[in-house]
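Participant: fold the following for me, if possible:
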Amino acid sequence: MGSRVSARIGAISESATLAVDSKAKALKAAGRPVIGFGAGEPDFPTPDYIVEAAVEAARDPKNHRYSPAGGLPELKQAIVDKTRRDSGYEIEAAQVLVTNGGKHAVYNTFATLLDPGDEVLLPAPYWTTYPETIRLAGGVPVEVLADETQDYCVTVEQLEAARTEKTKALLFCSPSNPTGAVDSPEAIEAIGRWALEHDLWVITDEIYEHLTYGDTTSTSIPVAVPALADKTVVLNGVAKTYAMTGWRVGWMIGPKDVIKAATNLQSHQTSNVCNVAQRAAIAALTGDLSAVDEMKKAFDRRRRTMVRLLNEIPGVDCPEPTGAFYAYPSVKGVLGKEINGRTPASSAELAEIILDEAEVAVVPGEAFGAPGYLRLSYALGDADLAEGVGRIAKLLS
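Facilitator: Numbering: from 1, shown residues only. Got it, this is the predicted structure:
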């Protein structure tokens, strides 16, 4: 008799970041003073004007009914206008599909583009969801590792070395989850030209586009290489920029035939995204970015504090991230050393020891295809950040 769960679903790994966050919250609920660096979630409330738009929408009976599976026309137009404003990328509403959060956009994209056996180049360290959604679509993720010596940014030479006749697409994420790395405009253009030369699809995740620091800027690959637009899918959403992780509104932008096919998929899968959340997203995208700028100032301050504190710990090497809200230190210098009678051989074991001994939750690099590292989100309060890193420092020093 076969397994009760299909092989396809049984092969999926649990989201490591959500697992760490859940464990931290469970321990906290049990009275343990755990500090969690696991979830990629701003600690700020959603700005008031967005919440008010949702309250108003909830009272309007038209939002109590089904709406177009691909998204409210008003939200699609807001995405068109926002994309022009923020990226300089000119699109039409027919190129937009509104999805139930960014993860749904990722899933829809790979399900729409991939046939069994198609290879997708996946720069590592990568977000945990990418390889699972590629496999679910029948594709094969091909990892291309960029380590701390190259600021976690993959090169054209590395991508070309990994390309085969089965390569169909490149997944590109800048600013990056989990590393916070931001590729330079020159590097993005070079990667785009390489993809164009080899007739590859590019799926570019721009969910952290507004979270860059100092002189660093985010560049959209179809703007850098306009000829690539016909084989590019842009993934985005309101979650990170507007502190709206729980509202579940994302989108994909792509060629009309791909968006039409993905919309057809979604019509059978989930139908429309919650109308109240869509109305809130309209308020977010049509408003100014002042609330976003305030959050970014706090993230920037925390970023500098966290990197400084981590680099003071013996055996820890943390490049300064220039985007998103993650630090991604190498802990290779800590492995193999005794810590309170235990000797971690991997970053996964080290993360367990840090949780057990210091009551701090971090995500090990194994979750991101790069053992030997830890990911720490600095999207949490200043006091918790200092206390949490302080506990790790005390444990490892």
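
Participant: which stretches of the stretch 151-300 of the chain form strands?
Facilitator: 167-173, 201-205, 232-237, 250-253 (DSSP state E, counting those that start in this stretch).

Participant: outside of stretch 259-276, which residues touch it?
Facilitator: 54, 57-58, 62-72, 94-100, 104, 108-109, 111-112, 248-249, 252-254, 278 (Cβ atoms under 8 Å, 6 or more residues apart in numbering). Where you see a C-beta, it was placed from the backbone N, CA and C, and this is true even at glycine.

Participant: cool, stretch 215-231 as well?
Facilitator: The contact list for stretch 215-231, computed with Cβ under 8 Å, 6+ apart, reads 87-89, 172, 174-175, 182-183, 185, 188-189, 191-193, 195-196, 199-202, 204, 206, 208-210, 212, 232, 234, 255, 322-323.

Participant: switch to 6 Å and redo it
Facilitator: 87-89, 182, 185, 188-189, 192-193, 196, 201-202, 204, 209, 212, 232, 255, 322 (Cβ atoms under 6 Å, 6 or more residues apart in numbering).

Participant: now a ChimeraX select for only the buried ones of those residues.
Facilitator: Selection of buried members from the contacts of stretch 215-231 for ChimeraX, criterion 16 or more other Cβ atoms under 10 Å:
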select :87,89,182,188,189,192,196,201,202,204,209,212,232,255,322
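
Participant: could I get the strands of the stretch 151-300 of the chain as CSV with mean pLDDT and distance to Val120?
Facilitator: Listed next are these as CSV, based on pLDDT from 0 to 100; distance: least, Cβ to Cβ, whole Å:
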stretch, mean pLDDT, distance to Val120
strand 167-173, 98, 5
strand 201-205, 98, 8
strand 232-237, 98, 12
strand 250-253, 98, 16
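
Participant: how about these in a markdown table, adding distance to Ile354?
Facilitator: Below are the strands of the stretch 151-300 of the chain laid out as a markdown table (distance: least, Cβ to Cβ, whole Å):
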| stretch | distance to Ile354 |
| --- | --- |
| strand 167-173 | 26 |
| strand 201-205 | 28 |
| strand 232-237 | 31 |
| strand 250-253 | 32 |
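
Participant: just the contacts of stretch 259-276: which are in helices?
Facilitator: By the criterion of DSSP state H, membership of these in helices covers Ala54, Ala57, Ala58, His104, Asn108, Thr109, Ala111, Thr112, Gln278.

Participant: contacting residues for the second one?
Facilitator: This points to Ala57. Asn63, Val276, Arg279.

Participant: please redo it, this time with the cut-off set to 8 Å
Facilitator: Asn63, Asn275, Val276, Arg279, Ala280.

Participant: can you put those residues in a markdown table and add distance to Val316 and pLDDT?
Facilitator: Shown next, in a markdown table, are these (distance: Cβ to Cβ, whole Å; pLDDT from 0 to 100):
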| residue | distance to Val316 | pLDDT |
| --- | --- | --- |
| Asn63 | 49 | 98 |
| Asn275 | 47 | 98 |
| Val276 | 44 | 98 |
| Arg279 | 45 | 98 |
| Ala280 | 40 | 98 |
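
Participant: out of those residues, which two sit at the greatest distance?
Facilitator: Asn63 and Ala280 (10.7 Å; Cβ to Cβ).

Participant: those two: who's more crowded?
Facilitator: Ala280 (29 against 18; other Cβ atoms under 10 Å).

Participant: now that one: closest residue in space that isn't a chain neighbour?
Facilitator: Nearest non-adjacent residue to Ala280, counting by Cβ to Cβ, 6 or more residues apart in numbering: Ala54, 4.0 Å away.

Participant: which ones are touching the one you found?
Facilitator: Val276, Ala277, Arg279, Ala280, Ala283.

Participant: now for the longest helix belonging to the chain, which elements pack on it?
Facilitator: Ordering each helix of the chain by length in residues (DSSP H) puts helix 290-311 first. Applying 3 or more Cβ pairs under 8 Å, 6 or more residues apart in numbering; DSSP states H and E, we find helix 290-311 packed against strand 326-327, helix 382-396.

Participant: which residues sit against it?
Facilitator: With Cβ under 8 Å, 6+ apart as the test, helix 290-311 has contacts from 42, 44, 47, 49, 180, 210-211, 213, 241-243, 316-318, 320-321, 325, 327, 329, 376, 378-380, 382, 385-386, 389-390, 393.

Participant: reformat the contacts of Ala57 as a markdown table; add distance to Ala30.
Facilitator: Formatted as a markdown table, those follow (distance: Cβ to Cβ, whole Å):
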| residue | distance to Ala30 |
| --- | --- |
| Asn63 | 39 |
| Asn275 | 38 |
| Val276 | 34 |
| Arg279 | 38 |
| Ala280 | 34 |
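
Participant: centroid-nearest residue for this protein?
Facilitator: Asn177 (4.7 Å; Cα atoms, centre = their mean).

Participant: for the nearest residue to that residue once chain neighbours are set aside, give its distance to Lys103.
Facilitator: Excluding its sequence neighbours, the residue lying closest to Asn177 (Cβ to Cβ, 6+ apart) is Trp127, at 4.7 Å. Distance, Trp127 to Lys103, by Cβ to Cβ, to the nearest Å: 9 Å.

Participant: same check, this time on Phe172
Facilitator: 17 Å.

Participant: looking only at neighbour counts, state which of those two leads.
Facilitator: Phe172 (24 against 19).

Participant: wait, isn't that one in contact with Asp205?
Facilitator: Yes. Under the criterion of Cβ atoms under 8 Å, Phe172 is in contact with Asp205, at a separation of 7.1 Å.

Participant: who touches Gly372 in this structure?
Facilitator: Per Cβ under 8 Å, 6+ apart, neighbours of Gly372: Ser330, Val331, Lys332, Leu335, Ser346, Ser347, Gly365.

Participant: so the last one versus Gln158, what's the distance?
Facilitator: Between Gly365 and Gln158 the distance is 18 Å, computed by Cβ to Cβ.

Participant: who has more neighbours out of these two?
Facilitator: Set side by side, Gly365 and Gln158 show more neighbours around Gly365, with 26 against 16, by other Cβ under 10 Å.

Participant: relative to Gly372, how far out is that one?
Facilitator: 6 Å.

Participant: picking up where we left off before, in the longest helix of the chain, what's buried?
Facilitator: 291-292, 295-296, 298-300, 302-303, 306-307, 309-310.
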